[in-house]
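Asker: Dropping a prediction and its sequence here:
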Amino acid sequence: MSGGKYINPFTDFGFKKIFGEEANKDILLDFLNELLRDEQGEIKSINFKKNEHIGNVALDRKAIFDIYCENERGEKFIVEMQKAKHNFFKDRSVFYSTFPIREQAKRGDWNYELNAVYTVAILDFVFEEDKANKEKFFYKVKLADIHTNKIFYDKLTFIYIEMPKFRKSLAECETHFERWLYVLRNLEKFDRYPVELQEKIFEKLFGVAEVANLSPEQLDEYDESLKVYRDLKGCLDTAFDDGFQEAVKELSPQLEQERKRTEEEKQRAEDEKQRAEDEKQRAEEEKQRAEEEKQRAEDADKRAEDADKRAEAACQRAQEAAKRAEETTLKQQQLLQKALQTMLDNGISETAAKTSLGLI
């Protein structure tokens, strides 16, 4: 039944096999360091702790963690793999975090100082309120002041990773953390160890996860865990499909009306667009005619200006010609007067002289 070469890390057996065994705690340590290095620095070591917690009295509800451990500083880590969608999963994770807090209480004098508690949830589903945001898949939550957005208390941290939203290929993964998510999301699909993952921690992880390395007892346990996972996933998928079909059936008349309204709005929008384009075309034609009229008016003004200039030039030439004629007449009169005087000086009678000169 196990089928693939590598175990499915989303099964209860697979998750605890990879992250929850003493011999493999360096795998969990590497994963936690990738999540928390920016605020933790390097976690040097971790120790697994009992994962079943019972309340202080018999009627208290108990909590069973997938993985529960602490580091060398006494800080607590709950690591969960949540397969099915849970409407109150955030509430549950807050509830679970109270157990590592309460177990730190000391008898006698105690000043209430606490070590940090981290709850890490790897989710095989998407929070309903955030499903529209396709890019955000990683959440780190602390107690903060809503007015200043400053961390109010930094010893209680919740980390949620929505695995269905992580869709990068191996070639697109840029960081060790992204390669971690890629491996978790695709481990069951591999038929060999990817040569691109040249990191010792992943070499070990693939060795641990190889089905062929399981004992017969472990293989039986894994098969049972895989069956539970597939049955649960099948039920969820069927419930979703049935719910979807029922919703489509109920909403079909409304959807059809909405489709018709959308088509009508679309047609009105197209008509408005066409009218606007027609108005624009008419405006452009009017503008073109106005420019042509303006050009003709400018051409007429130019021609009139040229005619005025030609008339002015002709008038100027006529005035110059009249002036030259007047000067010529004056010169002729002066010459005739001089000739008359010369003839009189030579003893010719005035009458004879004027007659000779054509003056009488």
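Answerer: Structure received.
Asker: any idea which element Y118 lies in?
Answerer: Mapping Y118 onto the secondary structure by DSSP states H and E places it in strand 117-123.
Asker: Tell me the buried residues in that strand?
Answerer: Buried residues in strand 117-123, counting neighbours by 16 or more other C-beta atoms under 10 Å, are found at 117-123. Backbone N, C-alpha and C define where each C-beta goes, glycine included.
Asker: Just flag the most distant two among these.
Answerer: Farthest pair in the buried residues of strand 117-123 (C-beta to C-beta) is V117 and L123. Separation: 19.1 Å.
Asker: what sits against L336?
Answerer: Listed by C-beta atoms under 8 Å, 6 or more residues apart in numbering, the contact partners of L336 are 357, 359.
Asker: how about a cut-off of 6 Å?
Answerer: L357 (C-beta atoms under 6 Å, 6 or more residues apart in numbering).
Asker: Tell me the confidence at it?
Answerer: L336 is assigned 84 on the pLDDT scale.
Asker: again with K233
Answerer: Residue-level pLDDT assigned to K233 equals 60.
Asker: Sheet partners, orientation included, of the strand ranked longest in the chain?
Answerer: Looking across the chain with DSSP state E, the single longest strand is strand 151-162. According to DSSP bridges, strand 151-162 forms sheet pairs with strand 117-123 (parallel), strand 138-144 (antiparallel).
Asker: how about that strand: buried residues?
Answerer: In strand 151-162, counting by 16+ other C-beta under 10 Å, buried: 156-162.
Asker: Isn't A121 up against E162?
Answerer: No: counting by C-beta atoms under 6 Å, A121 stays clear of E162, with 9.5 Å between them.
Asker: which element is F13 on?
Answerer: Here F13 sits within helix 12-19, counting by DSSP H and E.
Asker: What ranges does the stretch 51-200 of the chain have for its strands?
Answerer: 52-53, 63-64, 67-71, 76-82, 117-123, 138-144, 151-162 (DSSP state E, counting those that start in this stretch).
Asker: so where is the stretch 51-200 of the chain shaky, pLDDT-wise?
Answerer: Counting by pLDDT under 70, the stretch 51-200 of the chain shows low-confidence ranges at 52-63.
Asker: If we use 90, what do you get?
Answerer: By pLDDT under 90, the weakly predicted segments of the stretch 51-200 of the chain are 51-66, 83-88, 106-110, 129-131, 195-198.
Asker: orientation of the strand or helix carrying E217 relative to helix 12-19 in degrees?
Answerer: Assigned by DSSP H and E, E217 falls within helix 216-345. Taking axes from the mean of the first three to the mean of the last three C-alpha atoms, to 10 degrees, one finds helix 216-345 and helix 12-19 inclined to each other by 70 degrees.
Asker: Going along the chain from helix 216-345, find the next helix or strand for me.
Answerer: helix 350-357.
Asker: hmm, who's touching that following helix?
Answerer: Outside helix 350-357, the residues within contact range by C-beta under 6 Å, 6+ apart are 336, 339-340, 343-344, 360.
Asker: Output those residues in TSV; the columns should cover distance to T351.
Answerer: Shown next, in TSV, are the contacts of helix 350-357 (distance: C-beta to C-beta, whole Å):
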residue	distance to T351
L336	15
A339	15
L340	11
M343	11
L344	11
I360	7
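Asker: List only buried entries from these.
Answerer: 340, 343.
Asker: one step back: columns distance to L29 on top of the strands of the stretch 51-200 of the chain, output as JSON lines?
Answerer: What follows is the strands of the stretch 51-200 of the chain, written out as JSON lines (distance: least, C-beta to C-beta, whole Å):
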{"stretch": "strand 52-53", "distance to L29": "22"}
{"stretch": "strand 63-64", "distance to L29": "22"}
{"stretch": "strand 67-71", "distance to L29": "9"}
{"stretch": "strand 76-82", "distance to L29": "10"}
{"stretch": "strand 117-123", "distance to L29": "13"}
{"stretch": "strand 138-144", "distance to L29": "19"}
{"stretch": "strand 151-162", "distance to L29": "16"}
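Asker: To W110, which of the ones you listed lies closest?
Answerer: Closest approach to W110 among these (C-beta to C-beta): strand 151-162, 15.8 Å.
Asker: Return the angle between stretch directions for the helix holding E217 and helix 350-357.
Answerer: 140 degrees.
Asker: Helix 216-345: how far from the chain's middle?
Answerer: Taking C-alpha atoms, centre = their mean, to the nearest Å, the mean C-alpha location of helix 216-345 is offset from the chain mean by 34 Å.
Asker: From here on, call the first residue 57.
Answerer: All right, first residue 57 from here; so that's helix 272-401.
Asker: next one: the longest strand of the chain to chain centre, how far?
Answerer: 26 Å.
Asker: Buried residues of stretch 150-163, list them for me.
Answerer: For stretch 150-163, by 16+ other C-beta under 10 Å, it's 152-153, 155-156.
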